[in-house]
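Enquirer: The following block contains a protein sequence and its predicted model.
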Amino acid sequence: MHPHTDHVFTPPGAPDLTEPGPDQRWSTWTTVTKGQRGPEPRPDWVVTSAAALDTELGVLKTGKEADVFLVERAVPGDPDRTSLLAAKRYRSREHRQFHRDAEYTDGRRVRRTRDQRAVDDRKSSWGRAVAATQWADSEFGALATLWDAGAPVPYPVQIDGTELLMEFVGTVEDGIPVAAPRLARARPDAATLAAWFDQLRDAMSKLARLGWAHGDLSPYNVLVHRDRLVVIDLPQVVDLVANPFGAELLHRDCRTMCAWFAARGLDVDADELFADIFGQAW
């Protein structure tokens, strides 16, 4: 699913490069701890060399709580060690446009009691700092767990503070990276539509068997990559047991997705899908 770049983006003169150039940095892979790296076994395209450079190539997406940038991680002079990554960078609480945190995080606890107290005390500088990373931590953890469970999500490469590096889902066409389109833009035929709905139900089932719902699922955060659906944007993943809004948010996910499929001619029922998915959580 991940496109290799075949040395397309290596800056001119890179084999002799001793310092990062504009829009570059040394790879941050070696500066993060083991727990901040993606699950093993890792895909063979993941570049782990300390000699690699991260080159920023542009913006992929802007959102309410984060922006996503395209980054090439490559070892200069070695075309076999290069890959494209999506770098999702979360904004601080005061700079986010999305403020309904409590609806999603109710029942969710951070790992350290000290950090939980800080999150609860949002007026403190430490509380704001912890809260700023909470969404990134949540998405990284969800992606890692879902990847291990075989769910159709991007591989999470690493997390460093508020920056989450993950698999770029797309292709390289004539040397230009092209992100996979969102489901909202797709115009499938009847057979493909039915196959995609089966894929969607399977993906939602995998979340439910972990006790989760996406919580904000829509045709805008499902990608279509080579006739395969890929679910993205998972920071708000909801605990169906601990969160009192869990069932309601799952039902909303079902209604939203079924409305899109029904509008394109597929006979689907949101309540039936909800009953099927919710039942798998218990």
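Expert: Thanks, I have the structure now.
Enquirer: Only C-alpha atoms from now on, for both contacts and neighbour counts.
Expert: Noted.
Enquirer: This structure: helices as residue ranges?
Expert: Applying DSSP state H to the chain gives helices spanning 101-105, 113-120, 125-148, 190-209, 246-263, 270-279.
Enquirer: among these, which is nearest residue 67?
Expert: Each of those was checked against residue 67 via C-alpha to C-alpha, and the shortest separation belongs to helix 125-148, namely 11.8 Å.
Enquirer: returning to what we had before: how about a markdown table for the helices of the chain, with mean pLDDT, mean neighbour count and distance to residue 231 added?
Expert: Written out in a markdown table, the entries for the helices of the chain read as follows (pLDDT from 0 to 100; neighbours: other C-alpha atoms under 10 Å; distance: least, C-alpha to C-alpha, whole Å):
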| stretch | mean pLDDT | mean neighbour count | distance to residue 231 |
| --- | --- | --- | --- |
| helix 101-105 | 58 | 16 | 18 |
| helix 113-120 | 48 | 15 | 28 |
| helix 125-148 | 82 | 20 | 10 |
| helix 190-209 | 98 | 18 | 8 |
| helix 246-263 | 98 | 19 | 12 |
| helix 270-279 | 98 | 17 | 16 |
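Enquirer: I'd like to know which of those helices lies nearest to residue 52.
Expert: When the helices of the chain are compared for distance to residue 52 using C-alpha to C-alpha, the nearest one is helix 125-148, at 22.1 Å.
Enquirer: picking up where we left off before, put together a markdown table for the helices of the chain, with distance to residue 174 on each row.
Expert: Shown next, in a markdown table, are the helices of the chain (distance: least, C-alpha to C-alpha, whole Å):
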| stretch | distance to residue 174 |
| --- | --- |
| helix 101-105 | 41 |
| helix 113-120 | 47 |
| helix 125-148 | 30 |
| helix 190-209 | 27 |
| helix 246-263 | 33 |
| helix 270-279 | 41 |
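Enquirer: For residue 49, which of the ones you listed is the nearest?
Expert: It's helix 125-148; of the helices of the chain, that one is closest to residue 49 (C-alpha to C-alpha) at 21.2 Å.
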